[in-house]
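Undergrad: from the sequence below, what's the structure:
(chains A and B)
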There are 2 protein chains.
Amino acid sequence: MSAATKTFTIEGRFNMHRGGHLISPQLAYETWGELNTDKSNAVLIFSGLSPSAHAASCSEDPSAGWWEDMIGSGLPIDTEKYFVICANSLGSCFGSAGPASINPETKEPYRLDFPVLTLDDIADSAHELVKHLGIAQLHTVIGCSMGGMSGLAYCVRHPVATRALISVSAATRSLPFAIAVRSLQREMIIRDPDWKEGNYTADKPPLAGQRLARKLGMITYRSAAEWDQRFGRERATDSDSPGNKFKIDFSVESYLQNHAEKFSGGFDANCYLYLSRASDLFDFAEHGGSLKAAFSRLKLERAMVIGVTTDILFPLHQQRELADGLASVCEDTQLVELDCIRGHDSFLVEMDAFRPVVCEFFGSC
Amino acid sequence: MSAATKTFTIEGRFNMHRGGHLISPQLAYETWGELNTDKSNAVLIFSGLSPSAHAASCSEDPSAGWWEDMIGSGLPIDTEKYFVICANSLGSCFGSAGPASINPETKEPYRLDFPVLTLDDIADSAHELVKHLGIAQLHTVIGCSMGGMSGLAYCVRHPVATRALISVSAATRSLPFAIAVRSLQREMIIRDPDWKEGNYTADKPPLAGQRLARKLGMITYRSAAEWDQRFGRERATDSDSPGNKFKIDFSVESYLQNHAEKFSGGFDANCYLYLSRASDLFDFAEHGGSLKAAFSRLKLERAMVIGVTTDILFPLHQQRELADGLASVCEDTQLVELDCIRGHDSFLVEMDAFRPVVCEFFGSC
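TA: Alright, predicted model coming up:
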């Protein structure tokens, strides 16, 4: 956890949506800026599957956050004007209760005893945090990727708790292509003998499976067009195992290997499995029985949907469906289709494209 | 091997393009129809990575072949008019020499002692077969997927050995997205403890890794749009392991599981690794130093490039590049872009779209 991370405990029994409960679960979170006197300037950010609450640097922790170029003084989400909150998602492993945290009822890590996780649980736990901070209504909820779906869950379950929503590269639900990819990622981990039915030890996590899963992640987070430009058929200068006939030959293979090694050690495998499944399970239409019914529950004054042309996980047609639904109940809805080459990950790396859009929404520029 | 399969031995030392050699390698092949007296009606088919030589049924083997609806009496490749040849690719495991066959020098299976395989080797071995059948010049070479690249290798290495070429869902080379996918598929197999550095036994092949690889294959062979139509968020009625929290929930997961189980037992893992790598390594531009130089070596009278809008492995822009290159040296070049929903696999399953195109090429309808 970052030195800037605060914690909040949801006291008592926290019932989970698909059954089971947690006792006094903790959420790790960070904040930037100051809450104004009428408490009307709070912005809640839901992250994608893998980040911590450290969305941006601050004096206690000057290391770059996962949305460093977006949040801060003079930046699109301007911390001179807004009080910004980002929690580590319930079920994750950076300070919030999840499969890797201690179950107070057994004094052991939950592991697979953690109840089935849904994005509704992530939304509700964040709502408890917002109430704890004394905020009755947020200025805006922003969610990226999985966090965009959590943001939708937040808005539909707590309709008056926010005035606006920004959905970034998300959708009303996952389609079978995305489900298939995530299912395969989970299977790679589960089939790693080191997974041990979830009972791996800290010094021997299922790293091989996690790395494979991360590589498949990268294949779907980026775009074929980006890699054509970036790698083409360039050969790698390094090789992981020179004696192996099926060693790394191409730069793109070396790139995936480096990314996978960097990521996998830092994320708990069971948490990954739970969050990945939660993304599959989310279906906005379940809030009321149909998409129409779900949208009709919203009480948004403003909405913005940002999507990317090369995103294969949450493709443009899903962004349009989401924007159409929001527009049907919220006149001030804007759809922004960005022609970025870096696929689903563009919101993390194509900041020159994303900054002006978010800037305009917040009137920061 | 099918009862219809014949074998041919390339006598003596067969040198491989990236070094090493084979001693008297065998090719398994099938033929349909009769060679005419001036030997001008022969059509050679190069298959994708996984099929055998059994492209169509015949009296000796009435079981359906992998291109059953395309080859036969009264079908687009009409066996009343043409003499059709299909070999099991060198390096494969259905009767041709490959990692799973016996090395005559050691009397043991080659396994990883098989030399690095390239599509040039596949093309050259098929050319030996064609010469053995007494054919100086083919009417047409047809190649599908990996076979399309083998077909290009055939035409550039033996320019007068065919009058025409049909490339189906192939390209001049693999781009980094396709290389990344195949690299990950290989890694899934190599990381399976049952692979044992290629020394697995017949009763314990690396099935778990092979199934994972096949699932990733299916994800890239089909299209997201097809799965939206076909599965949406439908739930599976079966489950592979009911006690498992991360069991199969969605129909698309069950579909992948069924496909993977059907495929993986039938294909040798080492052969798969060699053929997969050969697909990565192929680059038409290496025949002369540039694409332009490679195309200028061709002596085709007719060419046709067939591609599919939803193919993510060999996308349309690659079909166009190939057709442009062919057109620059062969006036009678046709590009056919088919708007099929089933992605790369369309040539195997969208026969109503493919049949008329091939029919027209051969004047069969």
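
Undergrad: would you mind measuring from the closest residue to chain B within the stretch 251-365 of chain A to residue B:344?
TA: At 3.9 Å from chain B, residue A:252 is the closest residue in the stretch 251-365 of chain A, using Cβ to the nearest Cβ. C-beta coordinates here come from the backbone N, C-alpha and C atoms, glycine included. Between residue A:252 and residue B:344 the distance is 19 Å, computed by Cβ to Cβ, to the nearest Å.

Undergrad: now do residue A:168
TA: 30 Å.

Undergrad: ok, these two, which is more surrounded?
TA: A direct count of neighbours by other Cβ atoms under 10 Å in any protein chain shown for residue A:168 and residue B:344 places residue A:168 higher, at 31 against 26.

Undergrad: report the contact partners of the more buried one.
TA: For residue A:168, the contacting residues are A:142-145, A:147-148, A:306, A:347, A:354, by Cβ atoms under 8 Å, 6 or more residues apart in numbering or on different chains.

Undergrad: what about the closest residue to it other than its chain neighbours, distance to residue A:181?
TA: Distances taken as Cβ to Cβ, 6 or more residues apart in numbering or on different chains put residue A:144 closest to residue A:168, at 4.3 Å, once the chain neighbours are dropped. Between residue A:144 and residue A:181 the computed distance is 18 Å (Cβ to Cβ).

Undergrad: comparing these two, which shows the higher neighbour count?
TA: residue A:144 (27 against 24).

Undergrad: so that one sits against residue A:46, correct?
TA: Yes - assessed by Cβ atoms under 8 Å, residue A:144 is found in contact with residue A:46 at 7.1 Å.

Undergrad: just to revisit the earlier point, now the residue of the stretch 251-365 of chain A closest to chain B: which helix or strand?
TA: Secondary structure assignment for residue A:252, by DSSP states H and E: helix A:251-264.

Undergrad: so which elements touch that helix?
TA: Helices and strands touching helix A:251-264, by 3 or more Cβ pairs under 8 Å, 6 or more residues apart in numbering or on different chains; DSSP states H and E, are helix A:207-221, helix B:176-190.

Undergrad: grab the CA positions of the first one and hand them over as CSV.
TA: In CSV, the C-alpha atoms belonging to helix A:207-221 read as follows (Å, rounded to 0.1, in the frame of the first residue of the first chain):
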residue,chain,number,x,y,z
LEU,A,207,3.4,-17.3,-11.6
ALA,A,208,3.6,-19.2,-14.8
GLY,A,209,-0.2,-19.2,-15.2
GLN,A,210,-0.4,-15.6,-14.2
ARG,A,211,2.1,-14.6,-16.8
LEU,A,212,0.3,-16.5,-19.5
ALA,A,213,-2.9,-14.8,-18.4
ARG,A,214,-1.2,-11.4,-18.5
LYS,A,215,0.1,-12.0,-22.0
LEU,A,216,-3.4,-12.8,-23.3
GLY,A,217,-4.5,-9.7,-21.5
MET,A,218,-2.0,-7.6,-23.4
ILE,A,219,-3.0,-9.2,-26.7
THR,A,220,-6.6,-8.0,-26.1
TYR,A,221,-5.8,-4.7,-24.3
